[in-house]
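Trainee: Okay, sequence plus prediction incoming.
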Amino acid sequence: MRAATALSESTVRFEDPVRTLLSKKRARTVWSIGPEATVYQAIEMMSLKEIGALAVTSGGLLVGIVSERDYARKVILMGRNSHDTHVREIMTTPVLFVTQDKSLDDCMRLMTSRRVRHLPVMEGDNVVGIVSIGDIVDWMLASQEQTIHHLQNYIAGAYPG
């Protein structure tokens, strides 16, 4: 609820483009790791940055994405060692991504249908952000709160115009 409240300070709509959400996110840094890093290094970075996924880049290009889910399913459940396993062995590739002009509604549909929790946002060959399912849910809650507020004002006769 905390993020939804912060987002509701300005107009939010579920049909807004991803760029709008990215511009309002507190943390705008895109954290990445190389494919030759160990899974332990990736999990350690995710823990330190309090994030659930990292872009995997090589030569400045997005080559994959690695998440806590990948770790749980491809390392822990397979009995592998995170110190001996490389990110390239467990990363998700090819990467499902969106551009900044994609609507948040479209992102939610894509994430739900493909069962992913993180979508890199691309501008050309550059990763300009990562949108999580939590970001989308917070945006949706803020949009609903705003709609309820407007309807309450309308019913109470305080609606402008």
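Mentor: Sure thing, it's come through.

Trainee: Only C-alpha atoms from now on, for both contacts and neighbour counts.
Mentor: Will do.

Trainee: need the contact list for L119.
Mentor: The contact partners of L119, by C-alpha atoms under 8 Å, 6 or more residues apart in numbering, come to L96, F97, V98, M111, I130, V131, S132.

Trainee: Now with 10 Å, please.
Mentor: 53, 55, 65, 95-99, 107, 110-111, 129-133 (C-alpha atoms under 10 Å, 6 or more residues apart in numbering).

Trainee: which ones among those are found in helices?
Mentor: Residues of the contacts of L119 located in helices (DSSP state H): C107, L110, M111, I133.

Trainee: what's the neighbour count on the closest residue to the first one other than its chain neighbours?
Mentor: By the measure of C-alpha to C-alpha, 6 or more residues apart in numbering, the closest residue to C107 outside its immediate chain neighbours is V98, 7.5 Å from it. When neighbours are defined as other C-alpha atoms under 10 Å, V98 has 21 of them.

Trainee: V98 contacts P120, correct?
Mentor: Yes. Counting by C-alpha atoms under 10 Å, V98 does reach P120; the two are 6.5 Å apart.

Trainee: Overlap of the contact sets of these two?
Mentor: Common neighbours of V98 and P120, using C-alpha under 10 Å, 6+ apart, are V127, G129, I130, V131.

Trainee: quick one: which of these has the most company?
Mentor: For the shared contacts of V98 and P120, the largest number of neighbours (other C-alpha under 10 Å) sits with G129, at 26 neighbours.

Trainee: roughly how far apart are that residue and I155?
Mentor: For G129, the distance to I155 equals 39 Å [C-alpha to C-alpha, to the nearest Å].

Trainee: helices or strands next to the helix or strand hosting M140 in the packing?
Mentor: In the assignment (DSSP states H and E), M140 maps to helix 133-155. Applying 3 or more C-alpha pairs under 10 Å, 6 or more residues apart in numbering; DSSP states H and E, one finds that helix 133-155 makes contact with helix 2-7, helix 18-24, helix 104-114, strand 118-123.

Trainee: Please repeat the previous calculation with a cut-off of 7 Å.
Mentor: helix 2-7 (3 or more C-alpha pairs under 7 Å, 6 or more residues apart in numbering; DSSP states H and E).

Trainee: average pLDDT across the helix holding M140?
Mentor: Helix 133-155 carries an average pLDDT of 81.

Trainee: and what of stretch 47-60?
Mentor: For stretch 47-60, mean pLDDT rounds to 96.
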